[in-house]
Each structure stands twice: as C-alpha cells, then as structure tokens.
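1. I need the structure of the sequence given here:
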Amino acid sequence: MNHTHLLDALNPEQRQAVVLPSEHALILAGAGSGKTRVLTTRIAWLLQQGVSPGDILAVTFTNKAAKEMILRLKTLISIDTYGMWLGTFHGLCHRFLRLHSDMANLPKGFQILDMQDQLSAIKRLAKSLNLPDDDRYTPKLLQKFINGHKEEGHRPHHIETRNPETQKKIEIYQLYEEQCQREGVVDFGELLLRVYELLRDNEAMRNHYRSRFRHILIDEFQDTNRLQYAWIKLLAEGDGGGTVMAVGDDDQSIYAFRGANVGNMGDFVREFAIQHQVKLEQNYRSCGNILNCANVLIGHNQHRLGKNLRTDQGAGEPVRVYEAATDFDEARWIVEEIQALVQDKANPFPRKEIAVLYRSNAQSRVIETALFNAKVPYRVYGGLRFFERKEIKDALAYLRLLDNPHDDTSFSRVVNFPARGIGARSLEQLQDLAKEAGCSLYDAASLLKGRAGASVGSFVARIEIIREQTRPFNLRDLVAFTLQHSGLIAHYQTDKEGEDRLENLDELVNAAESFVSQEGFGQSLPNVTGNSETGETLSPLLAFLTHAALEAGDNMVNAGQDAVQLMTVHSSKGLEFDGVFLSGLEEGLFPHENSQNDPKSLEEERRLMYVAITRARRRLYISYSQSRMLHGQTRFNYRSRFLEELPSKALKLLTPVAPVVQKMQWNNPTNNPTNHPTHNATNHPVRHSLPPLLAKEGTGEVVGMRVGMRVAHAKFGNGTVLTLEGKGNEARAQINFPMHGVKWMALSVAKLTPVE
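-> You can find the predicted model right below:
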C-alpha cells in the first residue's frame with residue numbers, strides 16, 4: 001500500500017516529526033504551526049505501518065481536542081480506530097479505573113465529583129466537624145489544599161508539618177478521603193492519583209500496560225503537572241516501556257496557577273535522553289510583523305528551549321500601538337477601530353473575527369460600555385458580561401434593596417449571602433408569612449419568630465443601617481460603603497480564588513463614578529435627572545441600577561451570531577482571529593503587579609503576552625492609557641516593559657509618543673523588578689502622581705504651573721496637571737479630574753488655583 005499521500009500536505013519539519021523512528025521524541029510546536037495535524041497524521045502513519053490501534057495511547061487536555069483528533073483521523077484513513085485509547089488525562093484514568101475497579105478498591109458504579117460537587121462534599125464534612133467559621137478553614141481553601149496535594153501525589157500521611165493549622169487541614173483531608181470512600185465517589189484529582197498508585201504499586205499491571213502501549217503521544221505537554229508527568233513515566237520508563245512523543249510549546253506555558261509545570265519539558269529531555277527534538281517553526285496563521293514581535297518579545301525569557309516562528313505570508317500590516325489619555329479614551333478608540341474594520345469596503349472584517357483581549361476580567365467593563373453605547377454586538381467568551389457576573393449581581397441586589405426594600409427577588413438573592421445561617425426552610429416560612437400578610441419579604445421579617453427570625457431581622461437591620469448612613473453620600477461612596485458593610489468584600493477576601501471577584505467589585509465602584517460623570521449628575525444622591533421622553537425623574541442610584549439592567553440585557557448575542565469577542569488572554573489560548581486588540585499594556589496590569597517581585601512569574605507573564613500576540617492573523621492592535629481607574633482609584637502607571645521589548649521596525653505608533661525622561665533598562669540579566677520605576681526601595685507598588693511619557697519639550701514652569709501640580713477648578717473640582725504646552729495666551733494644560741476625566745484647558749481662560 002502507498003502511504004506517501006499522508007505526507008503530501010506536510011512541510012519538511014512536520015514530515016520529519018510524523019515519520020520519526022520508535023524512540024522518545026520532543027516536538028516543539030510553535031503557535032499556528034499545525035500541531036494537531038502532526039499529531040493526527042503521526043497516529044494515522046503508525047496505523048498504516050501496521051501498528052494496532054490498541055497499542056496507541058494519545059492524551060489531550062480537552063474533550064474538544066480529542067474529538068477533533070478523532071474526526072481528523074477518520075478523514076485520513078479508513079482503518080477502524082476502535083480499541084485506541086485517545087482522550088484527556090481524566091477521561092483515560094476514568095476508563096482505567098472502570099476496568100480495574102476491584103483492584104482500585106472502588107465499587108463498580110463509582111461516581112465522579114466535579115469541582116462544584118467536590119466543594120459541596122467538603123462543605124458537608126466541615127459542617128459535620130463543626131469547624132470554626134473563620135478564614136482558615138473555608139471550604140474553597142480546603143478544596144485547594146486537598147487538590148494541590150493530590151496533584152503533587154501526596155496522601156495525607158505524606159505531608160509533614162509542625163504548623164498546627166496545616167496539621168488540622170491534613171486531618172480534614174484524611175476525613176474527606178474516608179467520606180469519599182464510604183460514598184463510592186472520586187474527584188478529578190483522585191482519578192489520576194489512584195491510577196498512578198495502582199501502576200506504581202502493582203508490578204504485573206504496570207508491566208502489562210507498558211508492553212501494551214507501545215506508542216504514547218502527549219499533546220500540550222507544557223501544561224502537564226507533576227503527577228501527570230509521573231504517570232507518563234510509569235508507562236514509559238524501563239526496558240519494556242513504550243516510546244513517548246511529547247508535543248508542546250514551552251513559550252505558551254501560562255497555567256502555573258493551575259499546577260502546570262513548564263519544567264516538565266526540560267526534565268523530559270534530560271530524563272529520557274531525547275535524541276530527536278523537532279521544531280515546528282513554520283507558522284500558518286500570522287503575518288511577518290506579528291511574528292517578529294512575538295519572536296523578539298519571547299527572546300527576553302532566559303529559560304526556554306528555543307525556537308523562532310517564520311511565515312511565507314509576507315510582512316503584512318505593522319502592529320499598531322496606541323497611547324490613550326484614559327481607559328475611557330482607550331475603549332472609545334478600540335470601538336472606532338473595530339467599526340472601521342467592519343465597514344472597510346475593500347476587505348471588511350466579520351465582527352466574530354475580531355477579539356478584544358485583556359489581562360484582567362475587570363477591564364472588560366469599560367470596553368463593554370463603549371461597545372454598548374456604539375450598538376456593537378459583542379460576546380464575552382468563556383465568561384459572563386460584566387453586569388451578569390455573580391459578584392456584581394449580588395452587589396446590585398444590595399443596592400436595589402437600598403432603593404426599594406420591597407424587591408423580593410433581590411431580598412431572596414442576598415438574605416443569606418454571605419452566609420448568615422438562613423436556610424431554605426426559613427426562607428419558605430418567611431414567604432408564607434409574607435403571602436398571608438400581603439406584604440413584601442422585607443416587611444414580613446418582623447413576623448418571623450425564633451432563631452430564623454433573629455437572623456433575618458439582623459439582615460434587615462443591616463440594610464436599614466446602610467441606607468441611613470449613606471443618605472448624604474455621592475453614588476461612588478454609597479456603592480463602596482455598601483460593598484464593605486454588606487460583607488461581600490470580607491467574603492471574597494477570605495476566598496483564595498476571590499481576587500478576580502474583588503477586582504470586579506472595585507470596578508463596580510469605578511462604574512458608579514463614571515456613570516455620575518457621564519450622565520451629568522451632581523455629587524450627592526438627592527440630585528435627580530430627568531428623562532426628556534417620559535418626564536420621569538430618577539435618583540443617581542436608581543438611574544445607575546437601570547443602566548446596569550439595560551447593559552446586562554441588551555446587545556445579547558446568540559451562539560454563531562456575528563459579534564465581537566471579548567476575553568482574557570488566558571481564555572484566548574488555542575483561538576485565532578483576523579484582528580486582535582490587546583488592551584491595558586501598563587506596568588502593574590500587564591505584567592501583573594503580583595509578578596514583579598518574582599523572575600519566574602515575570603517570565604510567565606511574558607509567555608502570556610506571547611500567546612496574546614500570536615492569536616492575531618492579519619491585524620494586531622496594542623493599547624495603553626496614561627491613567628486608568630483600577631481598584632476604585634485613578635492610577636498613573638508607566639507603559640508596560642513588554643512594549644519596550646517589541647521591535648520598533650514592526651510597529652506603527654498611532655499617537656505621538658514623547659521621549660522618556662530616563663531610558664528604562666528592563667532587560668537586565670536578573671530581571672530584577674526593583675530596577676523598575678513603579679516600585680520603591682521596599683518593592684511596594686507606587687501610586688504615581690505623574691503619568692508616563694510626559695517629558696515633552698517645553699514642559700516645565702509655565703505661567704506659574706508645573707507638571708504634577710494639584711489644582712482646583714470651580715466646576716470639575718481638584719485635578720492633577722499632566723501636560724503643559726504653549727506660551728502666553730496659547731498656553732494650555734492637560735489636567736486629570738478624577739470625577740470628570742482628562743481635560744485640556746486654556747490657561748488664559750480657565751480659573752485654576754493651586755491645591756496644597
């Protein structure tokens with residue numbers, strides 16, 4: 001039989017990888033280099049060489065990838081693939097345990113706990129143990145402790161500690177294991193760990209599977225954790241083990257927070273004495289300027305196996321870089337550019353082929369608002385729109401109760417969140433009382449007796465106190481006060497995975513402040529605004545709640561509809577788009593401020609930037625702003641060091657960028673974060689009074705003013721001078737007013753006074 005047709009569509013490097021001899025090999029597959037094609041063609045080639053489907057073990061990281069590989073195999077060959085083990089780590093381990101449930105000490109009908117089911121099981125255990133209600137033993141923290149140790153291959157008796165708190169967690173881990181064993185259930189971590197232990201401790205079984213799986217193919221090898229790598233080694237090490245072809249890209253390892261260990265790739269090369277290391281560097285996705293940026297950027301990482309992407313598509317368009325005055329200006333610019341791409345008569349971009357990427361979920365709010373106002377359909381990929389996120393809906397429910405205590409839907413949503421010991425039975429009793437009395441749940445609270453009545457009464461009293469104390473507050477301060485005194489902030493501060501939710505709550509405060517500024521309200525809540533069409537007047541709070549409801553419900557798009565895609569950079573991995581907008585390239589945001597004291601974390605942030613760049617096919621836009629509202633404050637940060645690492649020949653600056661006062665040396669040998677100007681001597685982030693790139697020629701003392709000076713304006717309040725230019729009657733200043741944004745003011749007209 002002629003097998004060469006399988007190789008006809010492959011480039012030389014791909015063909016080399018497909019026909020490698022039966023030896024351990026590493027395939028370094030760059031972004032857009034045809035990795036999936038190589039994997040599936042390798043399997044098809046092996047089958048056509050007479051390898052039995054049962055001799056092949058192929059591991060992917062998602063069910064979607066596994067299904068795609070099977071579909072591609074069916075188009076390549078007519079051989080029946082029944083008997084081949086192809087799937088995710090968890091799926092294959094589940095199959096293994098079903099075959100050997102007796103030896104694994106599991107009932108034949110054992111069930112799998114997903115992450116939410118596991119959390120519920122831990123909550124039940126915690127309740128039965130009467131654990132103290134504090135931040136040391138929250139169910140989510142215990143879940144993370146248990147899963148983290150399982151990923152390291154640790155049972156409770158393997159963990160050594162002298163810390164009493166850790167010892168208590170170990171005891172809970174042991175009791176959790178006993179509970180799962182009694183109930184005949186396993187969590188995701190247990191699937192891998194139990195199979196690993198079976199293979200490790202049973203020589204006959206280990207030898208059987210070593211001799212069976214002669215060809216082991218691992219996709220996305222850079223995302224494997226320690227236990228997964230150890231699992232692979234058990235099947236492949238020794239004289240009787242199968243050969244491993246590991247396919248991955250160390251430059252795209254961005255999941256350390258999930259346990260992924262990029263070091264597994266280097267360990268594999270060393271421990272398996274890899275002789276064949278093939279680099280897939282031909283990129284079929286992006287134009288030359290985009291790849292040039294990616295190659296030069298990632299070259300600043302010191303610990304990598306090394307490769308250089310190339311393309312036959314030509315240089316293409318330059319990468320556009322935009323400097324905005326504020327995050328609102330940045331969002332408006334992004335929307336205008338999107339509209340221009342969509343409306344381009346010569347070569348229009350479908351909206352679904354345009355993506356807006358951001359480092360933090362909280363950044364999406366300003367971008368969503370700009371898209372909403374411009375009536376541009378959009379979809380938040382892999383997540384919820386800002387006003388649909390759980391923590392935001394919970395916060396809005398508290399705010400709605402302040403405006404209307406008879407809103408039973410909002411009352412029911414948050415009466416026991418954060419938890420106050422008000423169960424479903426108590427809520428049913430309250431609903432019955434409200435129905436009998438013909439009143440709201442809020443009013444019926446006084447009718448409920450006993451312990452439940454005390455708990456519900458305490459909640460109502462909390463709402464009344466918040467309402468009374470916030471009467472003189474402006475909208476921003478009312479929202480901030482409510483978030484704090486509702487208990488939402490404290491709740492997510494104790495949640496080790498609550499950082500994103502806290503950032504979103506901070507962004508809700510920003511949204512309130514921006515809404516007041518944009519809608520022309522006064523500073524205090526008694527002010528009202530009129531609706532010219534209905535004649536209705538609304539308080540700032542009610543108007544803001546109405547705005548939130550409309551944004552949550554409008555511009556909704558159905559699956560497959562032509563809509564702009566919004567997502568975090570992490571969510572974008574594996575995807576590609578004709579046009580990509582990468583926003584928020586500022587120090588402390590991207591790279592994230594948590595990475596700036598850790599060289600390893602900084603390298604992962606750079607890999608994340610590399611992933612973002614390589615999502616783009618035809619157009620890449622990168623933007624940053626001089627000021628941004630984050631965590632409830634307006635901050636002035638330097639533009640990201642990653643921008644300094646991009647090749648200038650591949651860039652097109654869309655706004656004039658002034659020279660930096662002092663050239664920053666990001667690329668020192670140790671990547672020492674203390675060299676960066678956004679940190680002081682104690683390595684704490686600094687809130688800057690001066691924005692980046694403001695050392696324009698002629699800036700300095702102008703009519704008694706200077707950059708960085710605090711000034712007051714009768715209408716806009718206090719602000720900070722950002723830029724000064726011109727002389728005499730032509731002199732003007734760019735001033736940031738926190739409540740009203742950045743404005744240019746003619747100094748011969750504006751009445752400004754210094755603020756001490």
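
2. wait, residue 16 sits on residue 278?
-> Yes - contact status for residue 16 versus residue 278: in contact at 5.4 Å, counting by CB atoms under 8 Å. No exception for glycine: its C-beta is placed from N, CA and C like everyone else's.

3. who has more neighbours, the two?
-> Set side by side, residue 16 and residue 278 show more neighbours around residue 278, with 21 against 17, by other CB atoms under 10 Å.

4. Okay, the more buried one and residue 49: tell me how far apart.
-> 18 Å (CB to CB, to the nearest Å).

5. With residue 402 instead?
-> 71 Å.

6. Same question for residue 477.
-> With the distance defined as CB to CB, residue 477 ends up 72 Å from residue 49.

7. cool, and residue 412?
-> 64 Å.

8. For those two, work out which one has more neighbours and name it.
-> Remark: of residue 412 and residue 49, residue 412 carries more neighbours, 14 against 10, as counted by other CB under 10 Å.

9. Next up, the contacts around that one.
-> 427, 441 (CB atoms under 8 Å, 6 or more residues apart in numbering).

10. Now the nearest residue to residue 221 once chain neighbours are set aside: phi and psi?
-> What sits nearest to residue 221 in space, not counting adjacent residues and going by CB to CB, 6 or more residues apart in numbering, is residue 248, at 3.3 Å. Main-chain torsions, residue 248, degrees, to the nearest 10: phi -170, psi -180.

11. same question, residue 306
-> Main-chain torsions, residue 306, degrees, to the nearest 10: phi 90, psi 130.

12. Kindly report the same for the one 10 residues further on.
-> For residue 316, the backbone dihedrals (degrees, to the nearest 10) come out as phi 70, psi -160.

13. where in the protein is pLDDT low?
-> Low-confidence segments of the chain, defined by pLDDT under 70: 1-4, 81, 133-135, 496-497, 518-538, 549-560, 631-632, 655-703, 728-730, 756.

14. what's the single longest strand in it?
-> Counting by DSSP state E, the longest strand found in the chain is strand 616-630.

15. List the strands paired with the helix or strand just after it, with their directions.
-> Scanning forward in sequence from strand 616-630 by DSSP states H and E, the next helix or strand is strand 633-636. Strand 633-636 sits in its sheet next to strand 616-630 (antiparallel), going by DSSP bridges.

16. could you dump the partner strand to CSV, C-alpha only?
-> Taking Å, rounded to 0.1, in the frame of the first residue of the first chain, the C-alpha atoms of strand 616-630 are listed here in CSV:
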residue,chain,number,x,y,z
ALA,A,616,-3.7,37.6,15.5
ARG,A,617,-3.7,36.6,11.8
ARG,A,618,-3.9,39.9,9.9
ARG,A,619,-4.1,42.9,12.3
LEU,A,620,-2.8,43.4,15.8
TYR,A,621,-3.5,46.5,17.9
ILE,A,622,-1.9,47.2,21.2
SER,A,623,-3.0,50.0,23.5
TYR,A,624,-2.3,51.5,26.9
SER,A,625,-3.5,54.6,28.8
GLN,A,626,-1.9,57.3,30.8
SER,A,627,-4.5,56.9,33.5
ARG,A,628,-6.8,54.1,34.4
MET,A,629,-9.4,53.6,37.1
LEU,A,630,-8.5,50.4,38.9
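
17. what comes up buried for stretch 388-408?
-> 389, 391-402, 405, 407 (16 or more other CB atoms under 10 Å).

18. for stretch 53-60, same thing?
-> For stretch 53-60, by 16+ other CB under 10 Å, it's 53, 55-60.

19. which SS state does residue 302 fall under?
-> coil (DSSP: H, G, I helix; E, B strand; the rest coil).

20. give me phi/psi at it?
-> phi -90, psi -30.

21. Do I have it right that it meets residue 602?
-> No - using CB under 8 Å, residue 302 makes no contact with residue 602, being 10.5 Å away.

22. between these two, who's got more neighbours?
-> Under the criterion of other CB under 10 Å, the comparison of residue 302 against residue 602 puts residue 602 first, with 21 against 10.

23. Would you check how far apart that one and residue 20 are?
-> Per CB to CB, residue 602 is found 35 Å from residue 20.

24. before we move on, what about residue 240?
-> Applying CB to CB to residue 240 and residue 20 gives a distance of 20 Å.

25. name the element the spatially closest residue to residue 156 that is not a sequence neighbour belongs to?
-> Once flanking residues are discounted, residue 156 sits nearest to residue 174: 4.2 Å by CB to CB, 6+ apart. When elements are defined using DSSP H and E, residue 174 is found to belong to helix 164-183.

26. List the buried residues for that helix?
-> For helix 164-183, a neighbour-count test (16+ other CB under 10 Å) marks 168-170, 172-173, 176-177, 180 as buried.

27. hmm, back to that, my guess is the residue nearest to residue 221 contacts residue 220, does it?
-> Yes - judged on CB under 8 Å, residue 248 makes contact with residue 220 at a distance of 5.7 Å.

28. what residues do those two have in common as contacts?
-> Common neighbours of residue 248 and residue 220 (criterion: CB under 8 Å, 6+ apart): none identified.

29. returning to that earlier point: would you mind measuring from the residue nearest to residue 221 to residue 486?
-> Here residue 248 is placed at a distance of 45 Å from residue 486 (CB to CB).

30. cool, and residue 287?
-> 50 Å.

31. With residue 595 instead?
-> 31 Å.

32. Who has more neighbours out of these two?
-> Neighbours per residue, other CB under 10 Å: of residue 595 and residue 486, the larger number sits with residue 486, 24 against 19.

33. related to what we said a few turns ago, adjacent strands (with direction) for whatever helix or strand comes next after the helix holding residue 174?
-> Using DSSP H and E, the next helix or strand after helix 164-183 towards the C-terminus is strand 185-187. With DSSP bridges as the test, strand 185-187 is paired with strand 111-113 (parallel).
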